[in-house]
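**Student:** okay, structure incoming, though there's no sequence with it:
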């Protein structure tokens, strides 16, 4: 079986919600990495989602067996060859490692339609770093303001 790289900026990273159940047993190596994109917080699912963009997004780069991608396709609601039936699409990207190397890797991107229709209240994670975003929220450093918080005073 051939080894491929997978970039993830969220819940597949070590210590996060889905790492142990979906990646730990098939992961051969892992290292910090970044790629281009934008990271969104999907409050309804309490998770981040990668979208196209030109900012830097932090995550981890995993070396995995290519056959393990089908398990991740299911997790992300990706149907190969049917992007309109998918919530996310899997695309190849360039990921820059902490050691300065660039690797071709797979990453899951939320479809624009999914973001607009299923998560209209999504907020962008400005620094593109899920762990920093979660830490700031736990320390109450990130103000949360949504349209529901705005009230009119009489």
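**Tutor:** Looks like it arrived, so ask away. A quick note: this is a predicted structure, and the numbers were derived from the prediction, not measured.
**Student:** in stretch 7-26, which residues are buried?
**Tutor:** For stretch 7-26, the neighbour count (16 or more other C-beta atoms under 10 Å) marks 7-13, 16, 18-19, 22-23, 26 as buried. C-beta coordinates here come from the backbone N, C-alpha and C atoms, glycine included.
**Student:** same check, this time on stretch 112-124
**Tutor:** Of the residues in stretch 112-124, 114-115, 119, 122 count as buried by neighbour count, 16+ other C-beta under 10 Å.
**Student:** one more: stretch 26-34?
**Tutor:** 26-27, 30, 33-34.
**Student:** helices along this structure, start to end?
**Tutor:** 19-22, 69-76, 112-118, 130-138 (DSSP state H).
**Student:** might you list the low-confidence residue ranges for the protein?
**Tutor:** Regions of the chain meeting the criterion pLDDT under 70 cover residues 141-154.
**Student:** can you show me the strands along it?
**Tutor:** Using DSSP state E, the strands of the chain run over 3-8, 27-42, 47-65, 88-97, 102-110, 123-124.
**Student:** now the fourth one: buried residues?
**Tutor:** This means strand 88-97. Of the residues in strand 88-97, 88-90, 93, 95-96 count as buried by neighbour count, 16+ other C-beta under 10 Å.
**Student:** over to the fifth one?
**Tutor:** Residues of strand 102-110 classed as buried under the neighbour-count rule (16+ other C-beta under 10 Å) are 103, 105-110.
**Student:** need these in JSON lines (columns: distance to residue 50).
**Tutor:** JSON lines is the format used below for these (distance: C-beta to C-beta, whole Å):
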{"residue": "103", "distance to residue 50": "16"}
{"residue": "105", "distance to residue 50": "12"}
{"residue": "106", "distance to residue 50": "11"}
{"residue": "107", "distance to residue 50": "6"}
{"residue": "108", "distance to residue 50": "7"}
{"residue": "109", "distance to residue 50": "5"}
{"residue": "110", "distance to residue 50": "7"}
